[in-house]
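Peer 1: Here's a sequence, model it:
(one chain, ligands or ions: 1)
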Amino acid sequence: MSLQIYINGEFFDKDNAKISVFDHGLLYGDGVFEGLRCYNGKVFRLEQHIDRLWDSAKSLAIEIPMTKTEMIQATQKAVLLNNVNEGYIRIVVTRGIGDLGLDPYVCGPPQVIIIAAQLALYPKELYETGLDIVTAGTMRMPPAALNPRVKSLNYLNSIMAKIEALRAGCEEALMLNHKGEVSECTGDNIFIIKNGVLMTPPIDAGILEGVTRNVVLELAAQLGIPAKETAFTRHDVFVADECFLTGSAAELIPVVSIDKRTIGNGKPGPITKQLLDAFHEVVKR
Ligand code: PXG
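Peer 2: The predicted model follows:
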């Protein structure tokens, strides 16, 4: 059976899963989404993702035409129907079908799409060797323009930085905020460790409040690793002992250099490994 895609309450074969070219999700990137992980058939932190989806939609004045419980059930059904065990799930809510003007009020009801697919991770070796990253010239979107807390369908800001990363031969790019501080990477949050203290930028640095980021902060508390959400600069990344990124797709991935400067001894560090092992334990539950 081909992949079954959920659209507005019905499942369609992958080849027949289509929406209108007049949908403002396509015309303007007007919509919101979530990227979730499934471990052993169970969706990881589903409620948190659904809460974040609702917050993103509320910020853009999009009213999702179903309840959170219905969304949870639809997501679980998509996972079950597609026999996804270790997978990646995409939930998309678009503004809906409108005309060729910006006006969101002429749009029809928001459209809900759920895709439960097999996972495409970073290659396994990268978890052992660690990533090389670069700082992008593209600044993270200032919160007063489009708050990075909103996981909107307009990812151009991240995509511009991703192009810089790929052209520099790297998988990821670090993005700075409007104050020149470290914010996050194009699709991952960032952590550094210096003298045994774990640090990650605060939400008001202009970042997405990552579900994986929150799991790591919980694990640090459980393991007795001192942790702070604090503003820092590129300099702090240059001189860090360890660095890693977090995201639903990437989980925790070590970073061993930035802008050709080696971080620590150039190998994934012990606290990163400790947190990664703890993370693997959590997702097994
Ligand atoms: N920051 C940004 C900008 C993101 O897009 C994260 C952090 C990590 O958040 P979570 O909740 O996943 O821990 C994200 C989310 C992909 C892909 O295919 C990844 C994300 C979004 C869209 C696609 O790798 N990461």
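Peer 1: where does Leu275 fall, phi/psi-wise?
Peer 2: Dihedral angles of Leu275 (phi, psi; degrees, to the nearest 10) stand at phi -70, psi -40.
Peer 1: what does the model give it for pLDDT?
Peer 2: Listed pLDDT for Leu275 reads 98.
Peer 1: That one and Ala227 touch, don't they?
Peer 2: No - using CB atoms under 8 Å, Leu275 makes no contact with Ala227, being 10.1 Å away. C-beta: built from backbone N, CA, C; applies to glycine.
Peer 1: out of those two, which sits in the busier spot?
Peer 2: Leu275 (24 against 18; other CB atoms under 10 Å).
Peer 1: Quick check: neighbours shared by Leu275 and Ala227?
Peer 2: Common neighbours of Leu275 and Ala227 are listed as Ala220 (criterion: CB atoms under 8 Å, 6 or more residues apart in numbering).
Peer 1: Give me the contacts around the helix-or-strand element of the chain with minimal mean pLDDT.
Peer 2: Least confident helix or strand, the chain: helix 124-129 with a mean of 92, by mean pLDDT, DSSP states H and E. Residues from elsewhere that reach helix 124-129 (CB under 8 Å, 6+ apart): Glu171, Ile253, Pro254, Val256, Pro268, Leu276.
Peer 1: cutoff 7 Å now
Peer 2: Ile253 (CB atoms under 7 Å, 6 or more residues apart in numbering).
Peer 1: so how far is the strand or helix carrying Thr75 from its chain's centroid?
Peer 2: Using DSSP states H and E, the element containing Thr75 is helix 68-81. Relative to the centre of its chain, helix 68-81 is centred 20 Å away, using CA atoms, centre = their mean, to the nearest Å.
Peer 1: Give me the buried stretch members for it, please.
Peer 2: Met71, Ile72, Ala74, Thr75, Gln76, Ala78, Val79 (16 or more other CB atoms under 10 Å).
Peer 1: isn't the last one right up against Ala116?
Peer 2: Spelled out, it's Val79. Yes - contact criterion CB atoms under 7 Å: Val79 and Ala116 qualify, at 4.9 Å.
Peer 1: Please enumerate the shared neighbours of the two.
Peer 2: Ile89.
Peer 1: Partner strands of the following helix or strand past the least confident helix or strand of the chain, with direction?
Peer 2: Remark: after helix 124-129, the chain's next helix or strand is strand 131-135, criterion DSSP H and E. Sheet pairing for strand 131-135, assigned by DSSP bridges, gives strand 172-176 (parallel), strand 251-258 (parallel).
Peer 1: got the CA coordinates for strand 131-135 in CSV?
Peer 2: The C-alpha trace of strand 131-135 is given here as CSV (Å, rounded to 0.1, in the frame of the first residue of the first chain):
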residue,chain,number,x,y,z
LEU,A,131,29.4,18.3,12.7
ASP,A,132,31.4,21.2,11.3
ILE,A,133,29.2,24.3,11.1
VAL,A,134,29.6,27.9,9.9
THR,A,135,28.1,31.2,11.1
